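> What would the 3D arrangement of this be:
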Amino acid sequence: MSLSNLGPGGFQSPLWRWLIERVWRLEHAFERSRAAAKPEDDTRIRIFLVMGFFSLCFVGVAVGATWAALFSHAGQGNGYAQGVDGARGDVVDRNGKLLAVDLAHYALYVDPKEIWDLRETRVALGKALPQVPPKRLDKAVFGDHRAFVLGGLTPDEKDAIFNLGLPGISFEEQERRMYPLGPTAAHVIGFVDSGGKGLAGAERALDDPITKAAAGEGGPTQLSIDVRVQAALEDELRKACEEFTPKGGVGVVTNVHTGEVLGLASYPDYDANKAGEATDEQRLNRAAAAVYEMGSTFKAFTVAIGLDTGVATPTSTFDARQPFKLGYRTIHDYHATHKILTLIEVFQHSSNIGTAILAEKIGGERLSRYFTALGLTKPAQIELRESARPLTPRKWDMDAVASTSFGHGINVSPLALAQAMGALLNGGELLPLTIKKMPPGVRPQGPRAISEATSTEMLKIMRANVLPGGSGGKANVPGLSVGGKTGTGEKYDPAIRGYNHDRQVSSFAATFPTEAPVEADRYFVLILLDEPHRDPKTGLSTGGWVAAPAAGRVIERIAPFLGVKRKTELVTIAAPTKNAAPEAGL
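Numbering: from 1, shown residues only. All right, here's what the predicted structure looks like:
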């Protein structure tokens with residue numbers, strides 16, 4: 001091969017010809033030095049050549065680095081190094097309190113080929129790792145190749161095994177998702193699988209931003225919940241469940257003007273760090289994924305619709321002296337008053353008869369249209385994938401109108417109820433719920449479900465229901481102007497082909513403060529117990545007895561965290577009457 005074939009274009013390239021000429025000159029210089037017997041010149045030339053070679057290398061590296069920094073595409077994209085597979089960013093509450101974090105853990109491996117004494121190593125590992133099945137240790141120590149033994153070791157656990165000084169033992173670092181608060185807010189936060197993929201709660205709903213945060217795209221994922229509100233809600237719900245031993249319980253706190261979920265509790269709960277050990281019942285998010293016949297809390301919607309359509313006014317009267325027949329049903333009152341009631345009294349006494357009469361006047365078409373506008377015929381709008389679809393009537397005939405007007409014949413999730421209640425309390429707009437914190441001062445807008453005037457009137461009616469004479473008196477908190485509606489929905493029992501009086505869904509839907517302009521900060525609180533046992537002293541398990549007190553205690557505890565100050569109020573104690581609604585109302 002000739003020199004002319006060593007470069008592009010052979011000797012036709014000026015740069016290549018220049019380089020060849022310089023090489024020949026150097027070679028001739030060496031020859032002249034040897035011929036003249038001047039070895040020092042030969043040495044200087046060789047030193048010069050080496051220095052030149054290294055100088056060229058240095059210049060080449062510098063040029064390459066400059067080119068990569070200024071002109072290559074290596075730095076384009078998000079500008080950050082990609083995270084480790086399965087890595088996830090931090091999750092915090094609205095005040096920055098840590099809820100979920102990746103922490104370094106270690107996986108333990110054993111390589112039998114590097115072990116000096118197999119039996120001694122097996123005995124030592126058996127004592128250090130009692131949680132590992134003996135068969136697995138036998139297979140790892142006496143096997144033929146390097147084997148995985150145990151993952152998820154904390155740094156302290158890893159050091160304890162390392163300090164045994166056993167040959168053939170090695171560790172590999174791995175990320176593990178940790179939930180510092182354990183069971184607190186577990187149903188909101190959720191959990192991940194072994195590969196770091198979100199499976200429930202915010203971990204699943206917000207999987208993409210949480211994963212991107214691990215690669216440097218944005219900061220921690222901030223949820224809407226306040227751990228102080230969450231802790232108070234969980235504590236009071238747990239106390240109520242321990243007292244009345246229901247199948248399950250739900251607690252929800254929302255901001256009605258933003259849709260933010262400030263607290264969400266489902267009982268029984270579980271430790272998110274040990275989600276794999278929890279039962280299906282414990283992992284079930286009853287606030288989002290379960291649907292119930294909510295009972296008399298739906299009377300708030302029927303009354304609001306009656307007001308909004310002009311069918312009724314607060315002083316309209318309804319004859320509740322006799323049971324009312326509508327469609328195939330005969331409507332009775334749980335606490336019969338046997339008298340003519342105003343609309344406000346229908347609400348306070350939780351009269352099924354009065355509500356059904358109102359619903360008949362509204363009509364099936366308008367009632368179903370308003371229920372849709374209030375979001376009650378679709379899953380609650382929220383990021384949580386668990387949000388369940390409601391069970392609604394196939395046909396809005398008079399029987400469906402009667403049933404749904406007081407919360408039977410329609411099953412919705414507690415979050416769907418909270419979303420619809422928000423529209424009744426915030427001025428009339430249906431806002432989606434969210435588990436993400438809203439920027440300060442931002443109030444989203446939504447489609448109008450009822451008028452602002454109707455919303456203002458409902459705040460007054462719900463407040464009156466918590467004062468003496470109403471069914472929600474046990475939720476009252478002096479100075480916080482609490483309002484609300486009790487709910488006791490009897491469960492349908494296929495065995496008897498009817499509703500079972502001993503199986504109830506008892507709840508209380510509360511709001512505070514009510515005595516403020518409609519645009520003022522306002523919050524919604526729901527407590528629900530699924531099939532609570534009757535109180536042994538009173539024999540009652542209705543919403544006014546088992547759920548209203550817990551709602552009142554939650555409100556009293558969380559008001560300071562939400563900046564709601566008590567106001568001095570003048571309370572007039574009404575003289576009891578024969579037909580006054582009992583404290584343990586529906």
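> Spatially central residue in the chain, please.
Geometric centre of the chain, nearest residue: residue 188, 3.0 Å, by CA atoms, centre = their mean.
> How about that one: what's its closest non-neighbour residue?
residue 264 (4.9 Å; CB to CB, 6 or more residues apart in numbering). For glycine as for every other residue, the C-beta is placed from the backbone atoms N, C-alpha and C.
> Pretty sure the one you found sits against residue 289.
No. Counting by CB atoms under 8 Å, residue 264 stays clear of residue 289, with 11.7 Å between them.
> Name the residue in the two with the higher neighbour count.
residue 264 (32 against 19; other CB atoms under 10 Å).
> any idea whether the residue nearest to the centre of the chain is helix, strand or coil?
Taking DSSP: H, G, I helix; E, B strand; the rest coil as the rule, one finds residue 188 in the helix state.
> and it, what is it in contact with?
Applying CB atoms under 8 Å, 6 or more residues apart in numbering to residue 188 gives the contacts 201-202, 223, 225, 230, 261, 264, 435.
> from the chain's centre, how far out does the longest strand along the chain sit?
For the chain, the longest strand by residue count, based on DSSP state E, is strand 498-512. Centroid separation between strand 498-512 and its chain, computed with CA atoms, centre = their mean, to the nearest Å, is 25 Å.
> so what strands line up beside that strand?
strand 483-493 (antiparallel), strand 523-530 (antiparallel) (DSSP bridges).
> Kindly format the C-alpha coordinates of the last one as PDB.
Going back to what we said before, that points to strand 523-530. Presented in PDB, the C-alpha positions along strand 523-530 are these (Å, rounded to 0.1, in the frame of the first residue of the first chain):
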ATOM      1  CA  TYR A 523     -65.200  23.600  54.200                       C
ATOM      2  CA  PHE A 524     -67.200  20.400  53.900                       C
ATOM      3  CA  VAL A 525     -66.800  17.400  56.300                       C
ATOM      4  CA  LEU A 526     -68.400  14.000  55.900                       C
ATOM      5  CA  ILE A 527     -68.400  11.100  58.400                       C
ATOM      6  CA  LEU A 528     -69.900   7.800  57.300                       C
ATOM      7  CA  LEU A 529     -70.200   4.500  59.100                       C
ATOM      8  CA  ASP A 530     -71.200   1.400  57.200                       C
END
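> which secondary element of this structure has the worst mean pLDDT?
Within the chain, confidence by mean pLDDT, DSSP states H and E is lowest for helix 39-70 among all helices and strands, at a mean of 55.
> I'd like the next helix or strand past that one.
strand 91-92 (DSSP states H and E).
> Rounded mean pLDDT for that next one, please.
Averaged across strand 91-92, pLDDT comes to 98.
> same for it, what does it pack against?
In terms of contacts (3 or more CB pairs under 8 Å, 6 or more residues apart in numbering; DSSP states H and E), strand 91-92 is packed against strand 98-110, strand 221-222.
> List of residues touching the helix or strand that the last one is followed by?
Yep, that's strand 221-222 we're talking about. Reading on from strand 221-222 to the C-terminus, the next helix or strand found by DSSP H and E is helix 227-244. With CB under 8 Å, 6+ apart as the test, helix 227-244 has contacts from 93, 95, 97, 99, 181, 184-185, 188, 248-253, 262-265, 267-269, 527, 529, 532-533, 535, 541, 546-547, 549-550, 553-554, 557-558, 561-562.
> No more questions from me, cheers.
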